[in-house]
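>>> Could you work out the structure for the sequence below:
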Amino acid sequence: MAEALLRTMGGDGFECHSAGTAPGGVHPLAVEAMSEIGVDITGQESKSIERYRDAAFDYVVTVCDEAREACPFFPARNQLHWSLPDPSAAPGDPEARKDAFRAVRDRLRALVAQFSAGAE
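Residues are numbered from 1 along each chain as shown. Next comes the predicted model:
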């Protein structure tokens, strides 16, 4: 979700990539939550951080505490951490789970807006 938001909100000012410590596909509730705000992530791929092990970045942003702990070091001029819950681990009925994805989406949207305004 963060990658798609930065691509949408940051425009051509950013080249962004995302990866996970345990990729398992793009979650259907993430697709649904993003489509509610007009962002299509159906074409996105769930990628492993191994793909980027030798890459250098200006910024590396981790978005959950588990990822921060499990993520290997990536050389970057700036390391940021946004402590967000993993919405795929949210308990409850289907509507509660959707709400968890919406909450993370909305928080990410605010963080990405702040980041993209200050990183240029």
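
>>> where do the helices sit along the protein?
In the chain, the segments counted as helices under DSSP state H are 2-10, 28-35, 65-70, 94-119.

>>> most neighbours per residue, which of these?
Highest mean neighbour count among the helices of the chain (mean count of other Cβ atoms under 10 Å): helix 2-10, with a mean of 20. Every C-beta, even on glycine, is put in place using the N, C-alpha and C of the backbone.

>>> What is it packed up against?
Under the contact criterion of 3 or more Cβ pairs under 8 Å, 6 or more residues apart in numbering; DSSP states H and E, helix 2-10 touches helix 94-119.

>>> now the helix it packs on against helix 28-35, angle please.
Here the directions of helix 94-119 and helix 28-35 differ by 60 degrees (axes from the mean of the first three to the mean of the last three Cα atoms, to 10 degrees).

>>> can you pull the contacts of L6?
The neighbours of L6, taking Cβ atoms under 8 Å, 6 or more residues apart in numbering as the test, are 14, 16, 112, 115-116.

>>> What's the local residue count around S18?
Other residues near S18 number 19, with proximity taken as other Cβ atoms under 10 Å.

>>> surely it meets V26?
No. With contact defined as Cβ atoms under 8 Å, S18 does not count as touching V26 (10.4 Å).

>>> out of the helices of the chain, nearest to D86?
Relative to D86, the nearest member of the helices of the chain by Cβ to Cβ is helix 65-70, separated by 6.8 Å.

>>> Many thanks, we can stop here.
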